[in-house]
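1. quick check, what structure comes out for this input:
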Amino acid sequence: QVQPAESGGGVVQAGDSLTLSCSVSGGIFVGDDMGAWYRHAPGKEREVIGTITWDAGSRHDADSRRGPFTIYRNYHDNRAWLHMNGLQPQGTAIYYCNQHRDSVLYWGQGTQVTVSS
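-> A predicted model of the protein is given here:
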């Protein structure tokens, strides 16, 4: 069973940077298997932050107005990272990662990020 697991969330101050980790276990992946980061803020719909293939050969960052985010992957230890600079209170959300494999999409449980002003 493929299982993504997010970590690294917490409470930060406005303007701080934070890096989240997504560790994926339970599967053997190929280069173009796609992973993604999403966030779900209170009272809003879940929105995509960006995507990256397993081999990191292709990366797409969603609307840059959502924040200075960088997604990268280290496939040697099955982890993807979401680095966020200059977080603002509107960045308060549960952050999720997912991973495709064999046409199935697997989600992690999410990690809470709270940005205080």
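2. worst-scoring helix or strand of this structure, pLDDT-wise?
-> strand 59-61 (a mean of 70; mean pLDDT, DSSP states H and E).
3. which residue sits closest to G8, ignoring its sequence neighbours?
-> The spatially closest residue to G8, leaving aside those adjacent along the chain, is L20, at 4.2 Å (C-beta to C-beta, 6 or more residues apart in numbering). (Glycine included, C-beta is placed from N, CA and C.)
4. so who does the one you found touch?
-> The neighbours of L20, taking C-beta atoms under 8 Å, 6 or more residues apart in numbering as the test, are 6-9, 37, 81-82, 84, 95, 97, 111, 113.
5. out of the residues you listed, list just those in strands.
-> 6-7, 37, 81-82, 84, 95, 97, 111, 113 (DSSP state E).
6. what is the residue nearest to the spatial centre of the chain paired to in the beta sheet?
-> Centroid-nearest residue in the chain: W37, 3.1 Å away (criterion: C-alpha atoms, centre = their mean). Under DSSP bridges, the beta-bridge partners of W37 are G50, C97.
7. same thing with P4?
-> Beta bridges link P4 to V24, judged by DSSP bridges.
8. that one contacts N98, doesn't it?
-> Yes - applying C-beta atoms under 8 Å, one finds P4 in contact with N98, separated by 6.2 Å.
9. those two - which one has more neighbours?
-> Comparing P4 with N98 by other C-beta atoms under 10 Å, the one with more neighbours is P4, at 23 against 20.
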